[in-house]
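> Coordinates for the following, if possible.
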Amino acid sequence: MRYDLAFFLCCCKSFLGSDESSDYTNFYDLLDIERDATNDEIKKAYKRKSLQMHPDKLAQHGKVITEEDQSKFTRMKEAYEILSDQHKRDTYDVIGERGMKWIEEPFAMDPQELARNFSKSSIVDRSKIFAIFVGLVVATTILPIMVCLHVDGVLGDNAPWLATLTPLWLWNFFVLFYHSRVIMMGKIQRPDHVPLEEWVDPLPMQRRVFSLMRFFLLFFFELLVAMKLDNLVVCNWVVIFIPLYIWEATTLLKKWPLARLRIVTVDDLETAMGKPFVEFTTEEKELIGKRYSVVVSTTSTDFEIAQKLKERARKDMMKCIFRIIFITILIVQLDTSIELNWWIVFTPFWIMTFLICVTNYQVFAEVQLMAVEKDPTLFGLSSKEEGGNNSTNNNYGSVGDGAATPEATSTAAAASLQSELTEDEREELKAQVINGGSKLCSKCCSQGLLLILMFLVLAKLQGAGFSSLWIISPFLLASGIILCCLGCAIFGISEVPSEGIVDSGHFVGLVDGSAEATDGTVASPSPIIIDSNNASLSVVSTEPSLIDTEIGGGENSLLPSSQQIATPIIEPTPVQDQSLIESKGTMELRELD
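Just a heads-up that it's a prediction; the model follows:
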């Protein structure tokens, strides 16, 4: 079994449920072949079935073609396409048809169906999912824990750093295995539906080798640091940091083209070239693609995506420059006799944190200003008050009764734009503002957490006596809380029974025990329906001979009016007083949504 299928099966088996149903036929049965059939046997079976099920063949025999015949042939053909491809066949054998559809179209699966399947899953499948989350938490926290224990001397005074950093070497091994797999998988084949002139390899070999080289630079730097701390190499720290300098330089080299990206529209190109875009030659398009990012218009989605890529590249370059400055100051602190205060050494981090918060606030302010210009009432502002204030201010300096100031013109334009907005557009504006606010809060909170971590590190460098584990204690606490919440969610979800559901807005209960009818017979348990809006309660008979009685009024009786006969079995009682109801038996109430 392929490792990717094994991991997918371990994670998602509980969400898929079973393909077996009364009308389900697996692909092997559709072709009348065994599961160990060869490719030749699959082809022969497909030809044989095509002669039997093809609509044209059926029409030649005088049979009227129905939608069922067409769907059967389509499904048989789909079975052949899956089983004739060895890769798809292996996938189908492991995760089934439902799992393949989930892989091909993840968002096509019904979330309610996935939740229903998970609620029916076994404790073993849920334990596998929880074990994966536990493994992820352990993999991310074991390295900082080992480093803190080494710094505190718990591992011994002579413990080598090469042994302490064992989790890091294991992680590097998995990353190297990933890069090797990416390089060895060869060139990505062009899909059949994509024309040759439009096909662009999303992962060229040059980019793969470049990523592998960057990985080796980091690995070499980590190895040199560990050997320097163990006194296995004798050199200055500036030599140790050379691979990291090169790695940062490659980062700048990678982000520079995106940071200086020029975005042009098709109209701009047509105006500059003096001919329609469809008449551009292949050489001209390639030259334009190297220098510019071509979009349809400034209001298109492509323009927004290109603009975000450009802004992100500039932010990454800014962070890279600050990291290089910090590394330089750190080398001066370690290799020279200049003893700087550690708070000064970390100055680039303080500046970078401040700039990140400020830039994110500016982005949020721009989104908020744009939303207010389009819809002033979005934040509770009164357009009448604005209009009144503007009209009052416009009287000053006006010449004649018909004079109009720029403020009045802008107010009228805003009111006109507001009147043109639909409800969906206003909801979209509100969603953009909320999204911008959430991004601002998340960025500020993450930077605040980073500052707390830096403060603890600096206090430890200045000679504080607390344990180094306190530095990573916020992460350990957050990991523990997340695991507890995930455990409650994974093991606490259970299937909700659908019996007794009548309508939303009602409570449904079952009376355990028996009720005596007017003729002395014993009635079976009857469902009770409580209308939360009308404060009424109805006991509905499940037998034709029994009687529907309504207490407290209301219109939620399930029987026709001709079958509703008054009976002294249950006296009219308010819903709040449940003593008489509970005397008949125990009641289980479930609120329906």
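> Tell me how the chain divides into domains.
Using automatic domain parsing, the domains assigned to the chain come out as 3-112, 506-591.
> How far away from the center of its chain is the first one?
Looking back up the chat, that one is domain 3-112. Chain-centre distance of domain 3-112: 30 Å, with CA atoms, centre = their mean, to the nearest Å.
> And the strands in this protein?
Using DSSP state E, the strands found in the chain span residues 262-265, 292-295, 506-511, 515-516, 522-523, 527-531, 536-539, 549-551, 587-591.
> Compare the domains of the chain and say which comes out lowest on pLDDT.
Of all the domains of the chain, mean pLDDT reaches its minimum on domain 506-591 (a mean of 42).
> and the longest helix anywhere in the chain, which residues are buried?
Criterion DSSP state H: the longest helix present in the chain is helix 423-461. Residues of helix 423-461 classed as buried by neighbour count (16 or more other CB atoms under 10 Å): 426, 429, 433, 436, 440, 443, 447, 454, 456, 458, 460. Just so you know, the C-beta spots here come from the backbone N, C-alpha and C atoms, and that holds for glycine as well.
> So for it, mean pLDDT?
pLDDT averaged over helix 423-461 gives 88.
> Check which helices and strands that helix sits against.
Counting by 3 or more CB pairs under 8 Å, 6 or more residues apart in numbering; DSSP states H and E, the packing neighbours recorded for helix 423-461 are helix 342-345, helix 347-374, helix 473-492.
> what angle separates the longest one from helix 423-461?
This points to helix 347-374. 170 degrees (axes from the mean of the first three to the mean of the last three CA atoms, to 10 degrees).
> what's helix 347-374 packed up against?
In this structure, helix 347-374 packs against helix 301-335, helix 406-420, helix 423-461, with contacts taken as 3+ CB pairs under 8 Å, 6+ apart.
> Under the pLDDT cut-off, which ranges of the stretch 351-500 of the chain? List them.
Counting by pLDDT under 70, the stretch 351-500 of the chain has low-confidence residues at 378-420, 495-500.
> quick one, which of the helices and strands packed on helix 347-374 is nearest to residue 15?
Residue 15 lies closest, by CB to CB, to one member of these: helix 423-461, at 27.5 Å.
> In JSON lines, list the helices and strands packed on helix 347-374 along with distance to residue 342.
Converted to JSON lines, the helices and strands packed on helix 347-374 look like this (distance: least, CB to CB, whole Å):
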{"stretch": "helix 301-335", "distance to residue 342": "8"}
{"stretch": "helix 406-420", "distance to residue 342": "53"}
{"stretch": "helix 423-461", "distance to residue 342": "5"}
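> and residue 251, how far is that from residue 318?
Taking CB to CB, to the nearest Å as the measure, residue 251 falls 12 Å from residue 318.
> just residue 162 next, same as before
35 Å.
> Just the terminal-to-terminal distance for stretch 111-126.
Counting by CA to CA, to the nearest Å, you get 18 Å between the two ends of stretch 111-126.
> List the buried residues in that stretch.
By neighbour count on 16+ other CB under 10 Å, the buried set for stretch 111-126 is 114, 117-118, 121, 125-126.
> same deal with stretch 366-381?
367-368, 371-372, 374-376, 378.
> Now for those: which two are most distant?
367 and 376 (15.2 Å).
> you'd agree residue 436 is up against residue 371?
No. Between residue 436 and residue 371 there is no contact under CB atoms under 8 Å: 9.0 Å.
> Report the residue spans of the stretch 151-300 of the chain with pLDDT below the cut-off.
For the stretch 151-300 of the chain (pLDDT under 70), the answer is 191-193.
> burial of residue 176, as a residue count?
Using other CB atoms under 10 Å, residue 176 is surrounded by 14 other residues.
> Now render the buried residues of stretch 111-126 as CSV, adding distance to residue 237 and pLDDT.
Output for the buried residues of stretch 111-126, formatted as CSV (distance: CB to CB, whole Å; pLDDT from 0 to 100):
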residue, distance to residue 237, pLDDT
114, 53, 75
117, 56, 78
118, 52, 80
121, 54, 80
125, 51, 82
126, 49, 86
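> Ok, which of the helices and strands packed on helix 423-461 comes nearest residue 85?
helix 473-492 (34.6 Å).
> which non-adjacent residue is nearest residue 238?
residue 331 (5.1 Å; CB to CB, 6 or more residues apart in numbering).
> Also residue 82?
Excluding its sequence neighbours, the residue lying closest to residue 82 (CB to CB, 6+ apart) is residue 88, at 4.9 Å.
> Now do the contacts for the one you found.
By CB atoms under 8 Å, 6 or more residues apart in numbering, the residues touching residue 88 are 81-82, 100.
> what's the distance between it and residue 452?
50 Å.
> coming back round to it: distance of the residue nearest to residue 238 from residue 321?
From residue 331 over to residue 321 the distance is 16 Å, taken as CB to CB.
> can you check residue 15 too?
45 Å.
> go on, residue 69?
Applying CB to CB to residue 69 and residue 321 gives a distance of 68 Å.
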